[in-house]
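the sequence isn't on hand, but the structure is:
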């Protein structure tokens with residue numbers, strides 16, 4: 001299992017905001033699954049940066 005830093009997660013969310021799809025972002029950062037990106041987006045939306053520290 002790959003661990004990502006908060007900064008890497010924020011970079012992934014920035015790519016989402018720029019218009020990339022979660023599948024594309026997952027491939028770019030090597031997350032393995034678009035569901036990981038979707039989870040980060042949900043955590044960030046509900047809890048802010050602290051949600052990405054989990």
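Looks like it came in fine. Everything numeric here is computed off the predicted structure, so don't read it as measured data.

packing partners of the longest helix along the chain?
With secondary structure taken from DSSP state H, the chain has its longest helix at helix 34-47. Based on contacts counted as 3 or more Cβ pairs under 8 Å, 6 or more residues apart in numbering; DSSP states H and E, the elements that helix 34-47 packs against are helix 6-17, helix 22-29, helix 49-52. Bear in mind the C-beta positions are built from the backbone N, C-alpha and C, glycine included.

how about CSV for the ones you listed, with distance to residue 35 added?
Formatted as CSV, the entries for the helices and strands packed on helix 34-47 read as follows, by distance: least, Cβ to Cβ, whole Å:
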stretch, distance to residue 35
helix 6-17, 13
helix 22-29, 8
helix 49-52, 16
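
out of these, which gets nearest to residue 41?
helix 6-17 (6.1 Å; Cβ to Cβ).

that older thread, distance from the longest helix of the chain to the middle of the chain?
For helix 34-47, the distance from its own C-alpha centre to the chain's C-alpha centre is 6 Å (Cα atoms, centre = their mean, to the nearest Å).

and the angle from that helix to helix 22-29?
Relative orientation of helix 34-47 with respect to helix 22-29: 100 degrees, computed using axes from the mean of the first three to the mean of the last three Cα atoms, to 10 degrees.

buried ones in helix 34-47?
Buried residues in helix 34-47, defined by neighbour count with 16 or more other Cβ atoms under 10 Å: 36-37, 39-41, 43-44.

just give the nearest non-adjacent residue to the most centrally placed residue in the chain, would you?
The centroid of the chain falls nearest to residue 37 when counting by Cα atoms, centre = their mean (3.9 Å). In space, and not counting its chain neighbours, residue 37 is closest to residue 22: 4.2 Å by Cβ to Cβ, 6 or more residues apart in numbering.

for the one you found, what are its contacts?
With contact set as Cβ atoms under 8 Å, 6 or more residues apart in numbering, residue 22 has these partners: 16, 34, 37-38, 41.

kindly recompute the last result at 7 Å.
For residue 22, the contacting residues are 16, 34, 37-38, by Cβ atoms under 7 Å, 6 or more residues apart in numbering.
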